[in-house]
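J.: coords below, sequence missing:
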């Protein structure tokens, strides 16, 4: 009798471990699937510094902004001419962007004097195939650009960085 009871208890104790492992496996697979299905820039070399040719794209609704600093453009605060020499970075003073999408976009510069202090510049309208110079302001760091627009696809490509 004891052996039967012991056997049933052992089986009951092992099942939650298998169930937990199955749930953990499902969670990992879900995260991998979501991560690989998100849109990404095929030209992204993995270098997280903003440079000419980097693109920020959005298919979000018109009332939702996309943060280009965290998706597409990478780190906007510094220009690093030598990728293998991070100490030779200078503060970004201007990013020239080109609207490479089919519709008008609205861009806002997020800037501040230091990490943790951020202000928002005025919204700039950029028509299709036009360029705009975006600056953080005298002595400020350029933290981010936000992108929104009325069209289904919005796209900004960095033309130059200073």
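T.: That came through, no problem. For clarity, every value in this text was computed on a predicted model and none was experimentally measured. Numbers count the residues shown, from 1 in each chain.
J.: Beyond the host helix or strand of residue 119, next helix or strand please.
T.: Taking DSSP states H and E as the criterion, residue 119 maps to strand 117-120. Next helix or strand after strand 117-120 toward the C-terminus (DSSP H and E): strand 124-126.
J.: partners of that next one in the sheet?
T.: Sheet pairing for strand 124-126, assigned by DSSP bridges, gives strand 105-114 (antiparallel).
J.: got the buried residues for the partner strand?
T.: With burial defined by 16 or more other CB atoms under 10 Å, the residues of strand 105-114 counted as buried are 105-112. All C-beta spots, glycine's among them, are computed from the backbone N, C-alpha and C.
J.: Please list the residues outside it that contact it.
T.: With contact meaning CB atoms under 8 Å, 6 or more residues apart in numbering, strand 105-114 is reached by 65, 69, 97, 99, 118-126, 132, 134-137, 139-149, 151, 154-156.
J.: moving C-terminal of the worst-scoring helix or strand of the chain on mean pLDDT, what's the next helix or strand?
T.: Within the chain, no helix or strand scores below helix 2-37, which has a mean of 50 by mean pLDDT, DSSP states H and E. The first helix or strand that comes after helix 2-37 along the chain, using DSSP H and E, is strand 55-58.
J.: Which of the contacts of strand 105-114 are buried? Put it as a PyMOL command.
T.: Buried residues within those, by 16+ other CB under 10 Å, are selected in PyMOL with:
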select buried, resi 65+69+97+99+121+126+132+134+135+136+140+141+142+143+144+145+146+147+148+149+154+155+156
